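Undergrad: pasting the sequence and the predicted coordinates here, then a few questions.
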Amino acid sequence: MIEAGDPWQLLMFPEAASSISSRVDHLFWAMVVTCGLVVLLVFVLLLVFSIRYRRGSRADRTPSARLNSNHWLEIGWSVPVLVGFLVFFAWGAVLYLDLYDPPAPADGNVREINVIAKQWMWKFQHPEGVREINDLHLAVGQTVRLRMTSQDVIHSFFVPAFRIKQDVLPRTYTELQFTPTKVGRFHLFCAEYCGLQHSGMTGEVVVMSPPALQGWLDRQGQTRTPEQDGARLFRSYGCSGCHAPDSSVHAPNLAGLYGKPVPLANGTTVRADAQYIRDSILLPSKQVAAGYPAIMPSFQGQISEADVLKLTAYIQSLTEQETDPP
Ligand code: HEC
Ligand SMILES: [Cu+2]
């Protein structure tokens, strides 16, 4: 959303509408200005020297022994320049980590949204269960975390006004965390060529005030949350036959599993994140939990990405005490 009279518009720069946008812009402009000054210096010297040492000028051309092998001069100009440019490395690294390995927000309140990309659309599911395609409604000031995967090829989630971009990969979850800071409608693009209608794989992020978002969610009608759907699927796919606490099969109890370290049969340990749960369902032989027989069947080709996300939401919602599916 670019307003008339916005100075960025003249520069064809997207508006800054997330908590990281202006930080990215500051780094960008600092680099442009610094590199611009270097270019200016080089061109001024080029001009001065080509006038001073033009053919036929009387400038002194005898080689200077004092300048020719002066190590301190060499070190004195190259080390500060190196350090100066390494500042950009450090600055960029801090920003990168804040974007791609973000700390939890101070109030611990993150809205988790599931994203499935496919040729050629974006499918979103809100924690309340509301689904939308290509449009994503969010609340201003509310931190969001997207858990993203692709049903087919590689896509890339790109919202220029938020200065965020992340590849969306098949068989793998990628995440993005950000906080919108302005109410408005912002372009969403796929930034990875993904087939014939790639250029049409666009949408809009609609940022509203928190009460407006609540109203919008309410108007979408009754829905089941991903956890509720997941609980239902957990029974219909037969997971509960083995994983229910009263089952006669020796299978791990999944309550409290999420986020915990899991010792594996091969002696290593992994953290039970969404990727681990996805792989446990679709590629059970990849990582077998220690102390259990590798009898879990693969559900590859039987459970869609959307259902895997719901099962994961359900397993994520299970706490240590609450073991029975509701
Ligand atoms: C035939 C019995 C059986 C069925 C059906 C089954 N599982 Fe499993 N599952 C196991 C066993 C045994 C293990 C432990 C060995 C392993 O990791 O493969 C396991 C491991 C897991 C793990 C990793 C647990 C841990 O503690 O590391 C998850 C997550 C999981 N199953 C989820 C599911 C889901 C979701 C379904 C339904 C789609 C399902 N399972 C269906 C037997 C089963
Ligand atoms: Cu795409």
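TA: Received, thanks. Ligands and ions are numbered 1, 2, ... in the order given.

Undergrad: for the rest of this, base every contact and every neighbour count on C-alpha atoms.
TA: Noted.

Undergrad: mind listing the helices in the protein by residue range?
TA: Using DSSP state H, the helices of the chain run over 7-10, 21-52, 65-68, 71-100, 210-219, 226-236, 239-243, 274-282, 305-317.

Undergrad: by contact count, what packs against the longest one?
TA: Contact here means 3 or more Cα pairs under 8 Å, 6 or more residues apart in numbering; DSSP states H and E; on that basis helix 21-52 packs against helix 71-100.

Undergrad: the helix it packs on packs against which elements?
TA: Checking 3+ Cα pairs under 8 Å, 6+ apart, helix 71-100 ends up next to helix 21-52, strand 174-178.

Undergrad: please identify the most buried of these.
TA: Across the helices and strands packed on helix 71-100, averaging neighbours per residue (mean count of other Cα atoms under 10 Å) puts strand 174-178 on top, at a mean of 20.

Undergrad: ok, residues contacting that strand?
TA: 18-20, 99-100, 102, 143-149, 162, 164, 166-168 (Cα atoms under 8 Å, 6 or more residues apart in numbering).

Undergrad: could you do stretch 136-146 as well?
TA: So stretch 136-146 is in contact with 105, 109-115, 124, 175-183, 203-210, 212-213, going by Cα under 8 Å, 6+ apart.

Undergrad: also stretch 263-273?
TA: Residues from elsewhere that reach stretch 263-273, judged by Cα under 8 Å, 6+ apart: 257-262, 276, 287-291.

Undergrad: mind listing what's buried along that stretch?
TA: Neighbour counts using 16 or more other Cα atoms under 10 Å place 263, 272-273 of stretch 263-273 among the buried residues.

Undergrad: next one: it, is it in contact with ligand 1?
TA: No - using Cα under 6 Å from any ligand atom, stretch 263-273 stays clear of ligand 1, with a minimum separation of 7.0 Å.

Undergrad: now do the same end-to-end measure for that stretch.
TA: End-to-end distance for stretch 263-273, by Cα to Cα, to the nearest Å: 14 Å.
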